[in-house]
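Novice: Test case, fold it:
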Amino acid sequence: MTWQPAPADPWVRDVNRGAVPLLSAEYGHPLDADELLGEARARTGLDDFGDFDGGGFEEPLRLLVHALETEGRLNLLGRYEVRQQILRLLEVRLQLARQLRDDPGVLDEPVTAPLFVTGAPRTGTSILHALLSRDPANRVPESWEFLRPVPPPDPATRDTDPRIALVDRELRLTAMIAPGFDAMHERGARMPKECISAQAIAFRSEDFPGKFRVPSYAAWLASCDMGPAYRAHRVVLQVLQRRTGAPPQWVLKAPPHLGTLDALLAAYPDARVAVTHRDPVKVLGSLGSLLATIHATHSDDVDAAELAGTQVDFYADVLARYTALRRAGKIDDTVFHDSHYADFLTDPLGTVEALYAHFGRTLDDGARSAMAGYLADRPRGKHGAHSYSLADFGLDAAAVRARFADYQEYFAVPEEGGRA
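Specialist: Numbers count the residues shown, from 1 in each chain. The predicted structure follows:
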């Protein structure tokens, strides 16, 4: 294995080695679920965490905190970041519960025929979602809205809401710690956000294994009922659209949806699903690099080979199940639209147009122009090149490809050249 994190800036090394005593005293102690629950109550002055997701959030919260302490290998900045994330999620639960008590009509808000973009990570889901956000007919949640949804955004002040700056500081921390991170996956408060951030309010979300080494929590998550996560997700959408009048055309996105389509379609029976496909060898090399870099911002002891191998196993199962689902034909093909990353690179607007046509929509000239302008302003590699290879993680490309052969054949996913 040859993968290594980029050298950290001196300030990062100083913080993690305890050279800032106040930070060490504040964040160096073990995480404790009861302490976090109490602090969230104290911060907000609220006491009721609600049961709007119907699943009981404390069990997964405690499993997560235990995994972080016993398995996470957290450095000081990792402890700081996960503590702030958990406190934010608990505060949002308290705020959502109060919002629903004060305005119970929120739960009557219709969420009609949402479009979900999904697929394995690194297959173009983010750029497709961003393009769809350029169409004024679509409503795409921005990062600040999923992270701080209460109170419902006011359309008149949505562009100047003070929560934007608050969330931007949180999201930009990873790029501050990890040089070159923006070349892999840029984050910002005004950018589209993945649904895993809303599902995290139920503490049932791939957001946590994506950032931290928590194998026992990840194993529990893989077999748990994801219904509460989608119910929490729906409540967040209902809050966000509360002041908008007519129900919006939601366009949402998260790669993990591909592994939980049963729960997604149970929560949103009229949902439509756009699935992106890419050579699995390229997907897993890029994903290994991204996740190892994220984990290295929270830990000085990252087993990158273990992490990449876990992703191979995870997505071999997810893509095999999706292939079996489509092959069985038990769900009408009109629910799904499949596209290839290679085609998107060649003709991104043509890919969007085909997606719209499949779901009975038309890409009008205004939306097309806005999407073209977005692409022109954000050329590929704008923040630098992202170099990666499966070999960096001690994985053999031919062996990996063999595990995905049935998936790749069924969806006619082309192989990509370059380093494997």
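Novice: all strands of this protein, in order?
Specialist: For the chain, the strands defined by DSSP state E occupy 115-119, 138-139, 249-253, 272-277, 336-340.
Novice: Which of these has the highest mean neighbour count?
Specialist: strand 115-119 (a mean of 26; mean count of other Cβ atoms under 10 Å). All C-beta spots, glycine's among them, are computed from the backbone N, C-alpha and C.
Novice: for that one, packing partners?
Specialist: helix 125-133, strand 249-253, strand 272-277 (3 or more Cβ pairs under 8 Å, 6 or more residues apart in numbering; DSSP states H and E).
Novice: Can you get me a residue count around Gly45?
Specialist: Gly45 has 8 neighbours, counted by other Cβ atoms under 10 Å.
Novice: what pLDDT does Glu145 get?
Specialist: Per-residue confidence (pLDDT) for Glu145: 97.
Novice: So that it lines up with my notes, have the first residue be 345 from now on.
Specialist: Happy to do that; since the first residue is 345 now, the last one works out to Glu489.
Novice: now it: how far from Phe547?
Specialist: For Glu489, the distance to Phe547 equals 20 Å [Cβ to Cβ, to the nearest Å].
Novice: now do Val359
Specialist: Val359 is 27 Å from Phe547, by Cβ to Cβ.
Novice: More neighbours: which of the two?
Specialist: Neighbours per residue (other Cβ under 10 Å) separate Val359 from Phe547, with Phe547 holding more: 29 against 20.
Novice: Find the nearest non-adjacent residue to the more buried one, please.
Specialist: Excluding the flanking residues, the one nearest Phe547 by Cβ to Cβ, 6 or more residues apart in numbering is Pro404, at 3.9 Å.
Novice: what's the answer for Leu420, then?
Specialist: Nearest to Leu420 is Asn360, by Cβ to Cβ, 6+ apart, at 5.0 Å.
Novice: Would you mind measuring from that neighbour to Trp347?
Specialist: Distance, Asn360 to Trp347, using Cβ to Cβ: 20 Å.
Novice: give the contact list for Glu514.
Specialist: Neighbour list for Glu514: 428-429, 432, 491 [criterion: Cβ atoms under 8 Å, 6 or more residues apart in numbering].
Novice: List buried members of these by neighbour count.
Specialist: Among those, the ones that count as buried by 16 or more other Cβ atoms under 10 Å are 429, 432, 491.
Novice: Select the longest helix from this structure.
Specialist: Longest helix in the chain by number of residues (criterion: DSSP state H): helix 420-446.
Novice: How far off centre is stretch 732-751?
Specialist: Here stretch 732-751 is found 24 Å from its chain centre; the criterion is Cα atoms, centre = their mean, to the nearest Å.
Novice: should've said stretch 500-519
Specialist: 17 Å.
Novice: out of the strands of the chain, which comes closest to Pro365?
Specialist: strand 593-597 (41.9 Å; Cβ to Cβ).
Novice: The closest one vs strand 459-463, what angle?
Specialist: Using axes from the mean of the first three to the mean of the last three Cα atoms, to 10 degrees, the inter-axis angle of strand 593-597 relative to strand 459-463 is 10 degrees.
Novice: who does strand 593-597 touch, helix- and strand-wise?
Specialist: Counting by 3+ Cβ pairs under 8 Å, 6+ apart, strand 593-597 packs on strand 459-463, helix 469-477, strand 482-483.
Novice: what's the shortest one packed up against?
Specialist: For strand 482-483, the elements it packs on are strand 593-597, judged by 3+ Cβ pairs under 8 Å, 6+ apart.
Novice: What strands line up against the strand it packs on, and which way round?
Specialist: strand 459-463 (parallel), strand 482-483 (parallel) (DSSP bridges).
Novice: Of all those strands, which one is nearest Gln752?
Specialist: It's strand 459-463; of the strands paired with strand 593-597, that one is closest to Gln752 (Cβ to Cβ) at 13.4 Å.
Novice: What lies in contact with the closest one?
Specialist: 469, 472-473, 476, 482, 539, 593-602, 608, 612, 615-622, 703.
Novice: For the stretch 645-764 of the chain, which segments are assigned as helices?
Specialist: Using DSSP state H, counting those that start in this stretch, the helices of the stretch 645-764 of the chain run over 648-672, 685-690, 692-702, 709-721, 741-747, 749-754.
Novice: now swap in the stretch 495-644 of the chain and tell me
Specialist: 507-521, 525-528, 540-543, 551-555, 559-567, 571-584, 605-611, 624-640.
Novice: These into a markdown table, with extra columns for mean pLDDT and distance to Phe460?
Specialist: A markdown table is the format used below for the helices of the stretch 495-644 of the chain (pLDDT from 0 to 100; distance: least, Cβ to Cβ, whole Å):
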| stretch | mean pLDDT | distance to Phe460 |
| --- | --- | --- |
| helix 507-521 | 86 | 22 |
| helix 525-528 | 70 | 23 |
| helix 540-543 | 97 | 12 |
| helix 551-555 | 95 | 16 |
| helix 559-567 | 97 | 19 |
| helix 571-584 | 98 | 10 |
| helix 605-611 | 97 | 7 |
| helix 624-640 | 91 | 19 |
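Novice: Return the residues in contact with Leu510.
Specialist: Leu510 neighbours (Cβ under 8 Å, 6+ apart): 488, 492, 533.
Novice: Please tell me I have it right and Arg427 contacts Leu380.
Specialist: Yes. In this structure, Arg427 is within contact of Leu380 by Cβ atoms under 8 Å, at 7.3 Å.
Novice: Identify the spatial nearest neighbour of Glu550, chain neighbours not counted.
Specialist: Pro600 (4.2 Å).
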